[in-house]
Structures are given as structure tokens and as C-alpha cells.
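Undergrad: no letters, just coordinates:
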Ligand code: CAO
């Protein structure tokens, strides 16, 4: 016989009034123990609440958008009496008046049953994870059951704690990631609200396996930074990282560690280019557009990208082919008070200097006003990072993967150049081209910067 049982939100750590973001069951649904009933999301974590009972959902007491805390009733489940223990618990939970006068032994039994019931509720998530994570490797029916590896049982409190500040994922996906040693914070989620799905974890592992070279995955064994107490030597302040820095930091770190960078340095004589720019600058300024060097650099880069298409490509996740793009979307690194952002100038090959200058002005203004949307920063095929308006001579920019090259530009300066038996003053622009050595050879990088030199020193090449 089935008995309706209330399912409550278990102990979920420090969280209260947590929003229900998904209701995963409806009245009439048959559920197994540990099937997820609802998903909760606080500003720090997402967690699923598993069913402590097997049976049929009689009614659901919460809806999406409701705020719940420990003890809130989630649903009524007509629990099946699968075994003696469950039967005892169900019977005891029926609240029959005649059962109030129980002897001491029975009280003790009831306590034990309740504890078991509670344990089931609090460890359900972990057991659910184990179920899903292991189901793929289950032996065929009839084969001797191998000893199950010990799986640490996590309470919702522990799961919530583990989830703080990490990628959102269900307990099952979190467990899979745990087993595979994947840090969820590094996995991009393709699910709702950026939630990390099982397929995202699998794709991440596949990428690591295929991208780490012919000898297999490289496990980086690095010493931890020691936890230094800086106050021992003087006063300190704590300044939180900006949102942009928090988001871009892991991406930069990943690109730095996983892409074998080489940086090719070169210099371009831009004396004539600068004369031309100064001649046009005021005229264009009347229309509210600043013609800076950057528009010329985008044009020159497109000429070089067309000549050397591998620089406008990405390495396929399989690692055995290049995806060469026939469009030229140039990302521009823009320095903003909140951190570095990279808006993309689309189809740069189809635009003139004037239009590029206008779009650059708009994009950098939008960036500084924090008005860039995700779409404004997607689809880039090559990036330019210009520090020329600030200073410096050379630097080694980090590739904006999955792109394979990035052009760093430093400040142009007048330098003596030996020409026809005499030194003459010329405006020289330092160029730093970082490239992915898995895709591009050093010789091609030198050819690429040589092409850039040629185009920048005589801008008529931009017309060819
Ligand atoms: N050499 C000499 N002068 C240069 C120059 C160079 N390489 N690059 C720009 N200049 C000049 C410009 O032509 C402009 O002079 P005018 O007033 O005579 O026109 C002046 O410096 C200021 O330029 P700007 O920096 O405002 O404009 P820009 O189009 O060159 O650059 C932008 C725009 C958005 C790229 C820039 O403002 C910026 O944010 N740069 C920082 C990018 C960055 O942080 N990269 C690092 C990434 S790695 O951490």
C-alpha cells in the first residue's frame, strides 16, 4: 500500500530563501529514490533536491520563482513500501492517534528509523550522482559485480559549499567532474543560465586529451602558492577583482598554459602613413570621427591575413585539422576602468578606413560605458592589442583562443635609419606578433610580419 509522504527541503547549508529555478516533476510522475525533484539557485550555487522516496508524485507544493528554505514542503509522494525499513518508517509517519503510547524500545526504533530517513534525505544527492556517473560503465547483466569504488557521500550542505563560486551544475554532473578531476570553474556551460551539462564536461575532457600533444595529456604539477600573511611586514588593503577580471582571468590563464606561444618581433616604418593620417585627420574629425593608427593596422592585418590564411583559423577540437575562416572579424583589446574587453569589428575586409575609424570609436566608447553585449565580443578571427597610445616598446600578448594569433602594437618613435649612405629620421612602429606554434611555424610568422611591414610602409598595398 502507498502512503503520501511530505518531502521537505533538507539542510542546505547557509542558504535561506533560495529561488526555485526548475521543477523537475509533476503530479503523477513516478520517481525513484534520489531522482531530482527541483533545482534551487542562490547567487552562489545551484543545487538539485533529490527525492528520499520511491513512488508516485501526488502533488507538487512549489513552483518556479518560489523562495524556499530548509523545511519547506516540496511535494507529497505516495511512497512505495519497498522493504521492511521503509514500511516501518512509512507506518510510523502516518500519525495515528493510537500509536502515541509507545514503550521505550519502540521509541528507540522510531528514532533510528527517523535518523535513517534523514540520512537518506541528506545523502540523496551524492547517491544520485553515483548512480548517474556509474551507469555508463555498468557491467552486462549476469557478470560478477565488481567491488564499487568508495564514493564520498556529500550532504547538500557540502555540495552547496563546494559549489560556491564554481560553475553551476547538477550533483550528477558535479560528481562526474569530480571523478574525472575536472575543475568545473573552467568548463563553459551550454545549459540554461550557463549551467554545465554532462556533455560540457565530456567535451572539456576531450579537448584536454586531444590538445595536449602526441604524448597524451600533460598533468601540470605545480607547487601551491604559500598563504603569505603580508601584514607581517606592513599595512595592506584588500581590493576585490573587477567582474571583468574575474571572468577573463581563468580564460587568460587557460590560453597561456594550453597554447604554445611564440612571439615574433618586428618594426615597420610608418613615416608616410603618419603623414597621410595627419593630412586626413582634421577633415574626418569634422564628422566626429578620430582617424587613429588603429584603422590602418586593421586594414594592414586583413591584407596579411588574406595572404596567410592560417593566421585566420582555429584548431579543430579533434586537433587534427584547421578551420580556416573566410571572414575577417578583428577583435580590438580595449582598456577600460573595469578591465580589458575585446569588441569585434566584423567583416573588416569590406570596410574603408573611415568606416573602420567610426566603428572603432563606437566600440571603444561602448566598452568604456559598459554597454557591450556578449554578441559584440564574439566571432573574432584575429585580435589586435594596441598600447601605442600609452607607451612601451615590445610586449608578448596572450592569444585570444580559439584564435591562433594576436598582434601587439607599441608606441611609434622617431629613429635614425640608415638609407642611401646616411642616417635619416623615420617613424618606426614596434610590432609583436604572438602565434600558436601548433598551427603556425616561425618562418610563416616572420613572413606575416614582413607583409605587415610592407603594407604599413606603403599603404597603397592596402588597395591591392
Ligand atoms: N604609436 C604612436 N602613437 C599612437 C599609436 C602608436 N602605436 N597608437 C595610437 N597612437 C596615437 C593615436 O594615433 C592618437 O593620436 P592622435 O590624437 O594624434 O590621433 C593617440 O595615440 C591616442 O590614441 P588612442 O589610444 O586613444 O586610440 P587608438 O585608436 O590608437 O586606440 C584603443 C584605441 C581602444 C585600442 C585604446 O584606447 C586602448 O584601449 N588601448 C589599450 C589596449 C590594451 O590595454 N591592450 C593590452 C592588452 S594585454 O593586457
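TA: Sure, I can see it. In this text the structure is predicted, and so the values were computed from the model without any measurement. Numbers count the residues shown, from 1 in each chain.
Undergrad: how close does the residue in the stretch 351-464 of the chain that the ligand sits nearest to sit to residue 269?
TA: Distances between the stretch 351-464 of the chain and the ligand by C-beta to the nearest ligand atom are smallest at residue 388, namely 1.9 Å. C-beta: built from backbone N, CA, C; applies to glycine. Distance, residue 388 to residue 269, using C-beta to C-beta, to the nearest Å: 15 Å.
Undergrad: residue 236 too?
TA: Residue 236 is 47 Å from residue 269, by C-beta to C-beta.
Undergrad: what do you get for residue 47?
TA: For residue 47, the distance to residue 269 (C-beta to C-beta) stands at 61 Å.
Undergrad: show me the strands in the stretch 1-150 of the chain, by range?
TA: Using DSSP state E, counting those that start in this stretch, the strands of the stretch 1-150 of the chain run over residues 3-8, 18-23, 30-31, 36-41, 46-50, 55-60, 67-68, 73-79.
Undergrad: between those strands, which one is nearest to residue 168?
TA: Residue 168 lies closest to strand 46-50 among the strands of the stretch 1-150 of the chain, at 4.0 Å (C-beta to C-beta).
Undergrad: sec struct for the residue lying closest to residue 274 once chain neighbours are set aside, please.
TA: In space, and not counting its chain neighbours, residue 274 is closest to residue 427: 5.2 Å by C-beta to C-beta, 6 or more residues apart in numbering. Here residue 427 is recorded as strand under DSSP: H, G, I helix; E, B strand; the rest coil.
Undergrad: thinking residue 427 is in contact with residue 267, fair?
TA: No. Using C-beta atoms under 8 Å, residue 427 makes no contact with residue 267, being 10.4 Å away.
Undergrad: that older thread, more neighbours: which of residue 47 and residue 269?
TA: residue 47 (27 against 19; other C-beta atoms under 10 Å).
Undergrad: tell me what the more buried one is bridged to.
TA: residue 40 (DSSP bridges).
Undergrad: now do the contacts for residue 242.
TA: 338-339 (C-beta atoms under 8 Å, 6 or more residues apart in numbering).
Undergrad: one more: residue 254?
TA: 186, 401.
Undergrad: is it true that it lies in a strand?
TA: No. Counting by three-state DSSP, residue 254 is not part of a strand but helix.
Undergrad: so what's residue 352 scoring on pLDDT?
TA: Predicted confidence (pLDDT) for residue 352: 94.
Undergrad: swap in residue 86?
TA: Here the pLDDT value assigned to residue 86 is 37.
Undergrad: the one 4 residues further on too?
TA: Looking at residue 90, its pLDDT stands at 31.
Undergrad: hmm, back to that, ok, the residue of the stretch 351-464 of the chain closest to the ligand touching residue 413?
TA: No. Judged on C-beta under 8 Å, residue 388 makes no contact with residue 413 at a distance of 10.0 Å.
Undergrad: about what we covered before: contact partners for the residue nearest to residue 274?
TA: 269-271, 274, 412-415.
Undergrad: so how far is residue 264 from it?
TA: Taking C-beta to C-beta, one finds residue 427 at 21 Å from residue 264.
Undergrad: now swap in residue 450 and tell me
TA: Taking C-beta to C-beta, one finds residue 450 at 10 Å from residue 264.
Undergrad: now swap in residue 319 and tell me
TA: Counting by C-beta to C-beta - residue 319 and residue 264 are separated by 23 Å.
Undergrad: the two: who's more crowded?
TA: Each of residue 319 and residue 264 has its neighbours counted (other C-beta under 10 Å); residue 264 has more, 19 against 15.
Undergrad: now do the helices in the stretch 351-464 of the chain.
TA: Assigned by DSSP state H, counting those that start in this stretch, the helices in the stretch 351-464 of the chain fall at 353-368, 442-457.
Undergrad: and the most centrally placed residue in the chain, its phi and psi?
TA: Residue closest to the average C-alpha location in the chain (C-alpha atoms, centre = their mean): residue 188, at 3.9 Å. Phi and psi for residue 188, reported as degrees, to the nearest 10, are phi -80, psi 130.
Undergrad: what sits against it?
TA: Here residue 188 is in contact with 194, 196, 200 (C-beta under 8 Å, 6+ apart).
Undergrad: swap the cut-off to 7 Å and go again
TA: Residue 188 sits next to residue 200 when contact means C-beta atoms under 7 Å, 6 or more residues apart in numbering.
Undergrad: and residue 398, by the same measure?
TA: 252, 255-256, 434.
Undergrad: for residue 7, same thing?
TA: Counting by C-beta under 7 Å, 6+ apart, residue 7 has contacts 37, 51-53, 74-75, 77.
Undergrad: can I get those residues in a markdown table with neighbour count and distance to residue 333?
TA: Shown next, in a markdown table, are the contacts of residue 7 (neighbours: other C-beta atoms under 10 Å; distance: C-beta to C-beta, whole Å):
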| residue | neighbour count | distance to residue 333 |
| --- | --- | --- |
| 37 | 24 | 46 |
| 51 | 28 | 50 |
| 52 | 23 | 52 |
| 53 | 29 | 55 |
| 74 | 24 | 48 |
| 75 | 26 | 51 |
| 77 | 27 | 55 |
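Undergrad: with distance to the ligand and pLDDT added, can I get these in a markdown table?
TA: Shown next, in a markdown table, are these (distance: C-beta to the nearest ligand atom, whole Å; pLDDT from 0 to 100):
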| residue | distance to the ligand | pLDDT |
| --- | --- | --- |
| 37 | 46 | 90 |
| 51 | 49 | 90 |
| 52 | 51 | 92 |
| 53 | 55 | 91 |
| 74 | 48 | 95 |
| 75 | 51 | 94 |
| 77 | 55 | 94 |
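Undergrad: which of those lies closest to residue 283?
TA: For the contacts of residue 7, the nearest to residue 283 is residue 37 (67.6 Å; C-beta to C-beta).
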